[in-house]
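[1] need coordinates for the below:
(chains A and B)
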Amino acid sequence: MAEAILRMTGIGKEFPGVRALDGVDFRLLPGEVHALMGENGAGKSTLIKVLTGVYSIDAGEIELAGTKVAFTGPLEAQKAGISTVYQEVNLCRNLSVAENVFIGREPRKFGRINWREMRRRTAELLRQLDLAIDVSKPLSHYSLAIQQMVAIARAIDIDARVLILDEPTSSLDAGEVAQLFRVMRRLKDQGIAILFVSHFLDQIYEIADRMTILRNGRLVGEYATAELPQVELVAKMIGRELAELERLDDRPPARTSDTLVEAVELGGKVAPFSLTIQEGEVVGLAGLLGSGRTEIARLLFGADHAATGTVRIGGEQVSLRTPRIAMSKGVAFCSENRREEGLVPELTVRENLILALQADRGWSRPVPRKKQDELVAKYIKALNIRPDNPEMLIRNLSGGNQQKVLLARWLILEPKLLILDEPTRGIDVGAKAEIQKLVVELSDGGMAVLFISAELDEVLRLSHKVAVLRDRRVVAELPNDDNLTTDVLMETIASGAAK
Amino acid sequence: MKTLALPRQLPRTLPRNYLPVLVTGALFLAMFVAGGIRYEGFATGQIILNVFIDNAFLLVVAVGMTFVILTGGIDLSVGSVVALTTMISASLLPSTPSFLVILLVLAIGGTLGAAMGAIIHYFEIQPFIVTLAGMFLARGLCYTIGTDSIPITDPTFTSIAQTHIVLGPDLWISPSVLIAVAVVVLATYTLHYTRTGRNVYAVGGNEQSALLMGLPVARTKIVVYTISGLCSALGGLLLSFYMLSGYGLHAVGMELDAIAAVVIGGTLLTGGSGYLLGTVLGVLVLGLIQTVISFEGTLSSWWTKIVIGLLLLIFILLQRLIVTTGATRDR
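    You can find the predicted model right below:
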């Protein structure tokens, strides 16, 4: 085996309160496409940022071509031969294509930028990537796919030995992906080591020679793509919850059979799908990150616009143009981004709790303080929020308790459909079990729940039926009977079809 | 083999970026023609030259402001730095050689600008607040020197003030105009033919991207505020030649005139797009409005402000329109 061009050993990186990377080893061989795999929060982005000098490391060492390196910024990493193309194209759209390729190292003649030479060399470089465009036009003039190619052109022109492609395909169509892969193969043949990140498993299996899997900031292992079946890959990425969770009985079918929500051919950012949710039913959405789970939730909450299809709630056809309309129909949505889309960290537990209720009533009718205190006391007790001090600033609570406050905020409204997007992510096992129990209790009380989680065990334990997503498409809807196991779910996610 | 770049539309004869500049140019022409028809003795070359003579200092200040706005920043301190420059010049000139005074005020302007730029970048504070503080500081310093207007009698300054450079029959400019034009030429070269200039556009386009592309973002941001400070000090000197006095109440609100000129000249306040030629035209339009109103005779000079206000509004709406239609077209 060839000597590794890049070797990272025992990399550790900590952010306040989070251990993002913990003793991760990673190596990259010249002339290979190496996939970096892992769910959200596994540490992929952190590892890439460490490698490109955006973050400094707390532990471990990085060797490039046998020499120890410590980059203090992206420029240094670039000079050493590590170029990166990020998920969001990190170029300046206001500048011309040629400038975007050459800015910072423009060809000069007597100290003056030689625009003609710059355009000529850019055109030549892009021709190697099968791209014939007017390089003097601003980058914003072209599609995202072309912008991506320009970013790659810039990266490889800086004499890259290591090329990092961080989710370059997330916004490309099939033809564009094929072109990107042709370029990647050509670069690989030139001996460039390519680090490739993508959530599309098919693409990984098409292009990657080897892969490294991360989970929760730790290394799971390094594998040859050809020797690791998709099912095993998914299992290694998601992992199993080893902690002993309180056993919940297999779910009996929902008691009522009144249809609450009926979506027909609803589509937008996801391919059109049909889904019915009964009163008191828990419907799980399973799929990898980026498979369209959150998009379905946002469609049903009116946060995204539907391009096609209809929704009926309680038999009545509704047009979910805004979240406000959805809320008035009894839909509540607990976002996966607790910090950005849910909590107001500078407010107290009580203030955070009554936020949705107050918004529902309108600002001209404040909730009386006495009623606030009653409600808050009730939900703090019911959800076992600790510490049980309603006047504490919410940012001082643990993640699990913050999540419970968010849940309570929506429960006060007594919704008919509660959408939970990753309610247990990043919280400790105890709080996780409590939230799971709560979901069961709510559904027993007649509330319909749409439950989204990356953890298949959890989805399986709580749901009456599971819709499986892959590549922004609902590929299967499986009733949760004795035959449905996490293995079956993984199989479905990996193969993209129900067996 | 499939190529990605199929032409999506017919090539536009007119790049969208130049549109605001062209509109401003057309506006200037239209105003000049209309003035020529309405008032006797308006349509002469000297009228345009007078606009340059009366606004040379504003032009220089607006050039500095263009650099700052191109990075997406703003510099509110320029008017105060202009006043401070006139004040320092007027108070030192009786006892100090004029070339030393000139070097000193330029150094002070540049240092103030660099300091504000460094604070803006390293402490990640909004340019608005930092330069607002700079504005109060510089204006306050004027009054520590003196609360009254100080006349300038220095022979160098007065001779520059009285020099007429004759360009032709009935056509003349002041040395200040030459200086202002030189600044514009130098700045245009910097923006379009040096790496620093292109970095200014890159930072204004997307600061995060510029950083990830390995561009010297910190240096660029500090440099633009330094340039703005230098331009303000130079503008202050030109104002000293024009007024022959130093006064703490000189150039009150000039920062806003400079911003207005830059915006009317088609530079996006969000940064990354605009041309110095636009700024020159913006200053000319502002100057011509004043000329028209003085020709009208009966109108109060406050009408200048009203017209500038309306123009600003129209140009900002125009820009928004160009940006949004451009965005949908590019998709």
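[2] what helix or strand is the residue most central in space within chain B on?
    For chain B, the residue nearest the mean C-alpha position is B:Ala62 (0.3 Å; Cα atoms, centre = their mean). Assigned by DSSP states H and E, B:Ala62 belongs to helix B:45-70.
[3] cool, and A:Met211?
    Going by DSSP H and E, A:Met211 is in strand A:210-215.
[4] what lies in contact with that strand?
    By Cβ atoms under 8 Å, 6 or more residues apart in numbering or on different chains, the surrounding residues in contact with strand A:210-215 are A:24, A:26, A:29, A:32, A:34-39, A:42-44, A:47, A:204, A:219-225, A:228, A:233, A:236-239. Backbone N, C-alpha and C define where each C-beta goes, glycine included.
[5] what residue ranges in the chain score low on pLDDT?
    Chain wasn't specified; assuming chain A. Along chain A, segments meeting pLDDT under 70 span A:1-2, A:16-18, A:40-41, A:87, A:170-171, A:239-257, A:339, A:426-430, A:498-499.
[6] let's do chain B instead
    B:1-17, B:323-331.
[7] could you pull up phi and psi at the residue nearest to A:Ala235 when sequence neighbours are not counted?
    Sequence neighbours aside, A:Met490 is the residue nearest to A:Ala235 in space, at 5.9 Å (criterion: Cβ to Cβ, 6 or more residues apart in numbering or on different chains). A:Met490 adopts backbone torsions of phi -60, psi -40, taken as degrees, to the nearest 10.
[8] quick one: neighbours of A:Met490, just the number.
    21 (other Cβ atoms under 10 Å in any protein chain shown).
[9] mind giving me the domain split of chain A?
    Chain A breaks down into these domains under automatic domain parsing: A:6-238, A:259-495.
[10] could you export those domains to TSV, including columns for distance to B:Ser273?
    Below are the domains of chain A laid out as TSV (distance: least, Cβ to Cβ, whole Å):
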stretch	distance to B:Ser273
domain A:6-238	5
domain A:259-495	29
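[11] of those domains, which is nearest B:Asp170?
    domain A:6-238 (38.5 Å; Cβ to Cβ).
[12] picking up where we left off before, so which of the domains of chain A is nearest B:Val82?
    Comparing the domains of chain A against B:Val82 with Cβ to Cβ, the closest turns out to be domain A:6-238 (30.3 Å).
[13] for B:Pro151, list each beta-bridge partner.
    With DSSP bridges as the criterion, B:Pro151 is bridged to B:Ser245.
[14] isn't it right up against B:Tyr247?
    No. Contact status for B:Pro151 versus B:Tyr247: not in contact, 9.6 Å apart, counting by Cβ atoms under 8 Å.
[15] sorry, back to before: now do the contacts for the residue nearest to A:Ala235.
    Counting by Cβ under 8 Å, 6+ apart, A:Met490 makes contact with A:Val231, A:Val234, A:Ala235, A:Ile238, A:Leu456.
[16] go with 6 Å
    The neighbours of A:Met490, taking Cβ atoms under 6 Å, 6 or more residues apart in numbering or on different chains as the test, are A:Val231, A:Val234, A:Ala235.
[17] now do A:Val270
    So A:Val270 contacts A:Gly292, A:Glu295, A:Ile296, A:Arg472 (Cβ under 6 Å, 6+ apart).
[18] state the distance from the closest residue to B:Val252 other than its chain neighbours to chain A.
    Spatial nearest neighbour of B:Val252, excluding adjacent residues (Cβ to Cβ, 6+ apart): B:Gly79 at 6.4 Å. Applying Cβ to the nearest Cβ, to the nearest Å, the value for B:Gly79 to chain A is 29 Å.
[19] distance of A:Ile158 relative to B:Gly274?
    29 Å (Cβ to Cβ, to the nearest Å).
[20] same question, A:Glu477
    A:Glu477 is 54 Å from B:Gly274, by Cβ to Cβ.
[21] when the two are compared, which one has more neighbours?
    B:Gly274 (26 against 15).
[22] wait, doesn't the more buried one sit right on B:Val263?
    No. Between B:Gly274 and B:Val263 there is no contact under Cβ atoms under 6 Å: 9.0 Å.
[23] what is in contact with the two at once?
    Contacts common to B:Gly274 and B:Val263, judged by Cβ under 6 Å, 6+ apart, are absent.
[24] thought B:Met254 was touching B:Gly79?
    Yes. Under the criterion of Cβ under 6 Å, B:Met254 makes contact with B:Gly79 at 3.6 Å.
[25] quick check: the gap between the closest residue to B:Phe128 other than its chain neighbours and B:Ala133.
    Spatially, and ignoring its direct neighbours in sequence, B:Phe128 is nearest to B:Ile74 (5.6 Å; Cβ to Cβ, 6+ apart). Per Cβ to Cβ, B:Ile74 is found 13 Å from B:Ala133.
[26] again with B:Leu276
    Separation of B:Leu276 from B:Ala133 (Cβ to Cβ) stands at 28 Å.
[27] who has more neighbours, the two?
    B:Leu276 (25 against 15).
[28] A:Phe451 should be in a strand, yeah?
    Yes. Counting by DSSP: H, G, I helix; E, B strand; the rest coil, A:Phe451 is part of a strand.
[29] please enumerate the helices of chain B.
    Taking DSSP state H as the criterion, chain B contains helices spanning B:19-38, B:45-70, B:78-92, B:98-122, B:127-145, B:155-162, B:175-193, B:195-205, B:207-212, B:217-243, B:254-264, B:276-296, B:302-330.
[30] contact partners of the fourth one?
    Contacts of helix B:98-122 from elsewhere in the structure, counted by Cβ under 6 Å, 6+ apart, are B:81, B:85, B:88-89, B:92-93, B:127, B:130-131, B:134, B:154, B:156, B:218, B:221-222, B:225-226, B:228-230, B:232-233.
[31] list the buried residues in that helix.
    For helix B:98-122, a neighbour-count test (16 or more other Cβ atoms under 10 Å in any protein chain shown) marks B:98, B:101-102, B:104-106, B:108-110, B:112-121 as buried.
[32] residues contacting residue 77?
    Looking at chain A here, since you left the chain open. Counting by Cβ under 6 Å, 6+ apart, A:Ala77 has contacts A:Thr52, A:Gly53, A:Phe71.
[33] hm, I was asking about chain B
    B:Ser77 neighbours (Cβ under 6 Å, 6+ apart): B:Thr131, B:Gly134, B:Met135, B:Ala138.
[34] try it again with 10 Å
    By Cβ atoms under 10 Å, 6 or more residues apart in numbering or on different chains, the residues touching B:Ser77 are B:84, B:109, B:112-113, B:116, B:130-139, B:225, B:228-229, B:232, B:255.
[35] next: A:Met327.
    A:Met327 neighbours (Cβ under 10 Å, 6+ apart): A:Phe301, A:Gly302, A:Phe333, A:Ala356, A:Ala359, A:Asp360, A:Trp410, A:Leu413, A:Pro415.
[36] list buried members of these by neighbour count.
    Buried, going by 16+ other Cβ under 10 Å: A:Phe301, A:Gly302, A:Phe333, A:Ala356, A:Trp410, A:Leu413, A:Pro415, out of these.
[37] any idea how far B:Ile289 is from A:Pro366?
    With Cβ to Cβ as the criterion, A:Pro366 and B:Ile289 are 51 Å apart.
[38] the two - which one has more neighbours?
    The neighbour count for A:Pro366 versus B:Ile289, taken as other Cβ under 10 Å, is higher for B:Ile289 (19 against 12).
[39] right, and that one touches B:Leu311 too?
    Yes. Assessed by Cβ atoms under 10 Å, B:Ile289 is found in contact with B:Leu311 at 7.9 Å.
[40] which residue of chain A lies farthest from its centroid?
    Distance-from-mean max, chain A, by Cα atoms, centre = their mean: A:Phe110 at 48.6 Å.
[41] quick check: the residue of the stretch 101-250 of chain A nearest chain B.
    In the stretch 101-250 of chain A, the residue that lies nearest chain B is A:Ile133 (3.9 Å; Cβ to the nearest Cβ).
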